[in-house]
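>>> okay, sequence plus prediction incoming.
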Amino acid sequence: MSTAWPRYSAAACRDLMPREMIEAYAILKKAAANANHAGNRLDIKAHELIVDVCDEILSGLHHDMFPLHVWMTGSGPMVSRPWV
């Protein structure tokens, strides 16, 4: 737990990143996987895995896996995962 965590109010804990942002990242990562695969920079196994997971995210299957709060996005740890 961060030492700053107790300083945030309970109300701020409900300010989650909009689902549209998570979906936008899934679209971006899927497009990057497609482009990298087409350019022979990503093998078929990794390509299929990334595309499948992005499709699952876009279908709403993993909404509970992104508990990112809008005021915690400075360093990007939850959205800058090296998927591609």
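Arrived safely.
>>> return the list of helices and strands in contact with the host helix or strand of Asn36.
Per DSSP states H and E, Asn36 falls inside helix 19-38. Packing partners of helix 19-38 (3 or more Cβ pairs under 8 Å, 6 or more residues apart in numbering; DSSP states H and E): helix 44-58. Heads up, the C-betas are built off the backbone N, CA and C, glycines and all.
>>> what helices and strands are in contact with the helix it packs on?
Judged by 3+ Cβ pairs under 8 Å, 6+ apart, helix 44-58 is in contact with helix 19-38.
>>> mind checking which helix or strand of this protein has the lowest mean pLDDT?
helix 19-38 (a mean of 95; mean pLDDT, DSSP states H and E).
>>> run through who's touching it.
With contact meaning Cβ atoms under 8 Å, 6 or more residues apart in numbering, helix 19-38 is reached by 42-44, 46-47, 50-51, 54-55, 57-58, 63, 66, 68, 79, 83-84.
>>> for the protein, what are the low-confidence residue spans?
1-14, 70-84 (pLDDT under 70).
>>> where does Pro67 sit, in terms of helix or strand?
Using DSSP H and E, Pro67 sits within no helix or strand.
>>> now it. Nearest residue, chain neighbours left out?
Leu16 (6.8 Å; Cβ to Cβ, 6 or more residues apart in numbering).
>>> neighbours of that neighbour, how many?
Close neighbours of Leu16, defined as other Cβ atoms under 10 Å, add up to 15.
>>> Leu61 now?
Using other Cβ under 10 Å, Leu61 is surrounded by 11 other residues.
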